[in-house]
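# model the following, please.
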Amino acid sequence: MLKSKIAISTEHYYSCEVSKKLPVRISVIAVNGPEGLGFVEALDHKTETLDKFVKLMKKSDQISKFSVTHKTPTMYWNKSRHKLDYPSIHDSILESGSMTILPIIIENGVQYHNILSPSADSFRKLLSYLQERFADVNIRALSSKPTETLQDFLTDKQYETLMLAHRKGYYKIPRKITLEEIGEELGIKRVACQERIRRAEQKIIDYYVRDSLFNDFGFQ
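Numbers count the residues shown, from 1 in each chain. Here you go, the predicted model:
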């Protein structure tokens, strides 16, 4: 399984267009076919911006139904139904065999999707569909083990040492505790403590950087 974060934008797409024109952040929290439920936030904290957003959505020829279900001064909850004559971004992701982990975030003309793909082949198919149908597709993150926690790839001793170091302020600036003091609490020498922490840090860096995985797909 692969988890990716992909930024997608295209010309003349209703959600991309309206979020380019206004300082808003749109969060889509539920999708049922062409219908979506979510909320829009005014980044300039102005109710007038939200009212302009509503007007633009209702005027769009790609929206057949739009309603506001709840209001606060800086956020409107809304329901919408689109009527595109081609597959939507969300539909394209599903069609490829992958799925978006909601919410979908839309801001400054870009949709941000966190996507699960069951295999490398599915991920390649996902990219192919998106690149064929939409103007700009940028991969922001890619992971081959999306459900792992620290305990899954650190040893028990590495995890114990790293958590103790963090709790005692080893990673604060300036540091609140030394490696020797951490080692004393664990009953090990300073050198052994340093080795545990460095090995744990290396595993964490490898997990999040994943150069090899990006290279496998030809990403820079």
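# going forward, measure contacts and count neighbours with C-alpha atoms only.
OK.
# nearest residue to Ile63 in space, please, no chain neighbours.
Excluding its sequence neighbours, the residue lying closest to Ile63 (Cα to Cα, 6 or more residues apart in numbering) is His82, at 4.3 Å.
# domain assignment for the protein?
2-143, 150-211 (automatic domain parsing).
# quick revisit: thought the residue nearest to Ile63 was touching Ser60?
No. Applying Cα atoms under 8 Å, one finds His82 not in contact with Ser60, separated by 9.3 Å.
# low-confidence regions, this protein specifically.
For the chain, the stretches with pLDDT under 70 are 145-149, 207-220.
# which stretches of it form strands?
In the chain, the strands defined using DSSP state E lie at 2-9, 24-32, 35-42, 63-72, 75-82, 99-107, 110-117, 136-143.
# so for the longest helix anywhere in the chain, what gets flagged as buried?
Ranked by residue count and defined by DSSP state H, the top helix of the chain is helix 190-209. Within helix 190-209, the residues that qualify as buried are Arg190, Cys193, Gln194, Arg196, Ile197, Ala200, Tyr207, counting by 16 or more other Cα atoms under 10 Å.
# check stretch 116-128 too.
For stretch 116-128, the neighbour count (16+ other Cα under 10 Å) marks Leu116, Ser117, Ser122, Phe123, Lys125, Leu126, Leu127 as buried.
# could you do stretch 137-156 as well?
Val137, Leu142, Ser143, Ser144, Leu154.
# take these and write them to CSV, including distance to Pro34.
As requested, these are arranged in CSV below (distance: Cα to Cα, whole Å):
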residue, distance to Pro34
Val137, 22
Leu142, 28
Ser143, 29
Ser144, 30
Leu154, 43
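# looking at these, which is nearest Gly33?
Gly33 lies nearest to Val137 out of the buried residues of stretch 137-156, by Cα to Cα, at 22.3 Å.
# can you verify my assumption that the closest one contacts Ser128?
No. Using Cα under 8 Å, Val137 is not in contact with Ser128, being 10.1 Å away.
# would you format the buried residues of helix 190-209 as CSV with distance to His12 included?
Below are those laid out as CSV (distance: Cα to Cα, whole Å):
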residue, distance to His12
Arg190, 61
Cys193, 57
Gln194, 55
Arg196, 53
Ile197, 51
Ala200, 47
Tyr207, 38
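# let me know the closest of these to Glu11.
Nearest member of those to Glu11, counting by Cα to Cα, is Tyr207, at 35.1 Å.
# tell me the spacing between Asp85 and Ile63.
Going from Asp85 to Ile63 by Cα to Cα, to the nearest Å gives 11 Å.
# out of the two, which sits in the busier spot?
Neighbours were counted for Asp85 and for Ile63 using other Cα atoms under 10 Å; Ile63 has more, 19 against 7.
# who touches the more buried one in this structure?
Taking Cα atoms under 8 Å, 6 or more residues apart in numbering, we find Ile63 in contact with Tyr14, Met57, Ser80, Arg81, His82, Lys83.
# please convert the buried members of those into ChimeraX selection syntax.
In ChimeraX, selecting the buried portion of the contacts of Ile63, with burial taken from 16+ other Cα under 10 Å, looks like this:
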select :14,57,80,81,82
